[in-house]
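Asks: heads up, no residue letters with this:
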């Protein structure tokens, strides 16, 4: 007992739990919640990367290891509760645009990710990324948090099939519309029941939040998943792998072997480094990763009250350094761009405030190498309610925006709506910065607002991106 107490005390001191108003139990619960909400990347990333010609099993191992390394480094370098893994969107750009579209081999695309990571490392060590974070105005930082809240809720409403495509671009789920839009013959026993379960899960999670139950988001995931398993047992839910609806029970039929990393490890190809197309690809990776990461850090840290009196994030250099090292290491391992995950907000919503949350998530990444059937069995309809709740938490940051100053409010509004509408955190930041600089410049408020020179530089770079990319 004394040894256990001594270890706990060392943990509390190392992660400064008391100074951050948290405890070991809260941090571990937050880390588990973060992992549960982002575990989908372990199943999704190998499938997307396989479209580029990579070995799916090897990419699974690379995805796990890059997430483990990046998240652990985040805890070590910054003591923040942020988790990292190969990013959604960036992996799709890797497979469908760079490889299938431009025609590069996946080895060359991995090299672009590696070079981008090196550039990121230089920008982090020279404080450029930190300066960009600090240059974004206070109100716009709050708007980023709100926009991310809408963005992740929107994504997961779609993942749960509650929102689908339709004659009005988007509409509420109906079986006929779902079949018509997707050209399939789904039924209530596959897609229909999962939509119903997701809605029930949202209600259950909402009740848990209102009742202030400890671990409400994690419990929401587990209860919704459990209800799905019950439905599968009694025949209400019938798996249909052809349509992407799989069994909800972990499948250990293949044992607990770890797929070899050899097919993708260190397969870099520098033969096209000096071509114009390669430079464009690097810039695209760099832009999306840079502003997705900064946007996520702004949004999550704002909601967790981690920003100081000047609305700056202490120890941000360590966080950005962890992100850049993880990207570089991930490319060597064979994974697409590793970045800070917006799902980190779920752990923060559970009270996670320090690197112990990140360490817990990293440990679970390690365990997933051996227990992948459990984590890969978590369905999207079970995680959707959790992230809808997280979206609500982040949306509450809207009260920190000064709507009395219209020159502040309009760019904030543009930033907020751009993220879900254009399906991109980086696009929201781009349009927020451009509109902020343009509106204050045209109305003669730049001196009053003390708009920094870096904001002008960012606005010009964003405009050039839209012109040339």
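Replies: Arrived safely, thanks for sending. Note that this is a predicted model, so its numbers are computed, not measured.

Asks: now do residue 418 against residue 287, distance only.
Replies: Per CB to CB, to the nearest Å, residue 418 is found 15 Å from residue 287. Glycine gets a C-beta too; all of them are placed from N, C-alpha and C.

Asks: comparing those two, which shows the higher neighbour count?
Replies: Between residue 418 and residue 287, counted using other CB atoms under 10 Å, the more crowded position is residue 418 (23 against 17).

Asks: wait, that one touches residue 433, no?
Replies: No - here residue 418 does not reach residue 433: they are 10.9 Å apart, not a contact under CB atoms under 8 Å.

Asks: what's the model's confidence in the longest helix belonging to the chain, averaged?
Replies: When the chain is parsed with DSSP state H, its longest helix is helix 276-303. Taken as a whole, helix 276-303 carries a mean pLDDT of 79.

Asks: could you check the angle the helix or strand following that helix makes with helix 276-303?
Replies: Using DSSP states H and E, the helix or strand that follows helix 276-303 in sequence is helix 316-333. Angle of helix 316-333 versus helix 276-303, following axes from the mean of the first three to the mean of the last three CA atoms, to 10 degrees, is 140 degrees.

Asks: and helix 316-333, what does it pack onto?
Replies: When contacts are defined as 3 or more CB pairs under 8 Å, 6 or more residues apart in numbering; DSSP states H and E, helix 316-333 packs onto helix 56-78, strand 84-86, helix 106-125, helix 128-135, helix 276-303, strand 338-340.

Asks: roughly how far is the fifth one from the heart of the chain?
Replies: Its chain's C-alpha centre and that of helix 276-303 lie 12 Å apart, by CA atoms, centre = their mean, to the nearest Å.

Asks: in that helix, what counts as buried?
Replies: 278, 281-303 (16 or more other CB atoms under 10 Å).

Asks: thinking again about what came up before, of all the helices and strands packed on helix 316-333, which lies closest to residue 165?
Replies: Residue 165 sits nearest to helix 276-303 of all those, at 23.8 Å, using CB to CB.

Asks: all helices of the stretch 301-450 of the chain, in order?
Replies: 316-333, 344-349, 355-368, 372-376, 380-395, 406-421, 425-442, 446-449 (DSSP state H, counting those that start in this stretch).

Asks: and the first one, how far out from the chain middle?
Replies: In other words, helix 316-333. 15 Å.

Asks: residue 406: neighbour count?
Replies: Residue 406 has 12 neighbours, counted by other CB under 10 Å.

Asks: numbering from 3 from now on, please.
Replies: Right, with 3 as the first residue, what we last looked at is residue 408.

Asks: please tell me how far it sits from residue 366.
Replies: Between residue 408 and residue 366 the distance is 46 Å, computed by CB to CB.

Asks: same check on residue 348?
Replies: With CB to CB as the criterion, residue 348 and residue 366 are 13 Å apart.

Asks: ok, residue 288 next?
Replies: Distance from residue 288 to residue 366, by CB to CB: 29 Å.

Asks: swap in residue 137?
Replies: According to CB to CB, residue 137 and residue 366 sit 35 Å apart.

Asks: neighbour-wise, which of the two wins?
Replies: Legend: neighbour count by other CB under 10 Å for residue 137 and residue 366, higher for residue 366 (23 against 17).

Asks: are we agreed that residue 220 is in a helix?
Replies: Yes - assessed with DSSP: H, G, I helix; E, B strand; the rest coil, residue 220 lies in a helix.

Asks: neighbours of the closest residue to it other than its chain neighbours, how many?
Replies: Using CB to CB, 6 or more residues apart in numbering and skipping residues adjacent in sequence, the residue nearest residue 220 is residue 35, 4.3 Å away. If you count neighbours by other CB under 10 Å, residue 35 ends up with 31.

Asks: can you pull the pLDDT of residue 35?
Replies: Reported pLDDT for residue 35: 92.

Asks: just the buried positions in the helix or strand harbouring it, please.
Replies: In this structure, residue 35 sits in helix 26-40 according to DSSP H and E. Neighbour counts over helix 26-40 (16+ other CB under 10 Å) mark 26, 28-40 as buried.

Asks: residue contacts, residue 390?
Replies: Under the criterion of CB atoms under 8 Å, 6 or more residues apart in numbering, the contact list for residue 390 reads 155, 158-159, 204, 207.

Asks: same check, this time on residue 425
Replies: Going by CB under 8 Å, 6+ apart, residue 425 touches 153, 157.

Asks: can you pull the pLDDT of it?
Replies: Value listed for residue 425 in the pLDDT field: 82.

Asks: against residue 81, how distant is it?
Replies: 32 Å.

Asks: before we move on, what about residue 122?
Replies: Residue 122 is 21 Å from residue 81, by CB to CB.

Asks: tell me which of those two has more neighbours.
Replies: More neighbours surround residue 122 than the other of residue 122 and residue 81, with 27 against 23 (other CB under 10 Å).

Asks: how many residues are close by the closest residue in space to the more buried one that isn't next to it in sequence?
Replies: Using CB to CB, 6+ apart and skipping residues adjacent in sequence, the residue nearest residue 122 is residue 326, 3.6 Å away. By other CB under 10 Å, the residues close to residue 326 number 28.

Asks: next one: residue 105
Replies: 9.

Asks: same check on residue 107?
Replies: If you count neighbours by other CB under 10 Å, residue 107 ends up with 16.

Asks: and it, what's its pLDDT?
Replies: In this model, residue 107 carries a pLDDT of 91.

Asks: check contacts around it.
Replies: Each residue near residue 107 by CB under 8 Å, 6+ apart is listed here: 55, 101, 271.

Asks: am I right that the first one is in a strand?
Replies: No - counting by three-state DSSP, residue 55 is not part of a strand but coil.

Asks: now it. Its backbone dihedrals?
Replies: Note on residue 55: its backbone torsions stand at phi 100, psi 10 [degrees, to the nearest 10].

Asks: ok, it to residue 275 distance?
Replies: Residue 55 is 20 Å from residue 275, by CB to CB.

Asks: same question, the second one
Replies: As for residue 101, its distance to residue 275 is 17 Å (criterion: CB to CB).

Asks: any residues touching stretch 39-47, and which ones?
Replies: 61-62, 65-66, 69, 85, 87-88, 90, 93, 219, 223, 337-338, 343, 345-346, 348, 363, 370, 374, 377-378, 380, 382, 385, 388-389, 392.

Asks: let's see 6 Å
Replies: Defining contact as CB atoms under 6 Å, 6 or more residues apart in numbering, one finds that stretch 39-47 is touched by 65, 87-88, 93, 343, 345, 348, 377-378, 380, 385, 388-389.

Asks: what's the domain layout of the chain?
Replies: 4-397, 404-471 (automatic domain parsing).
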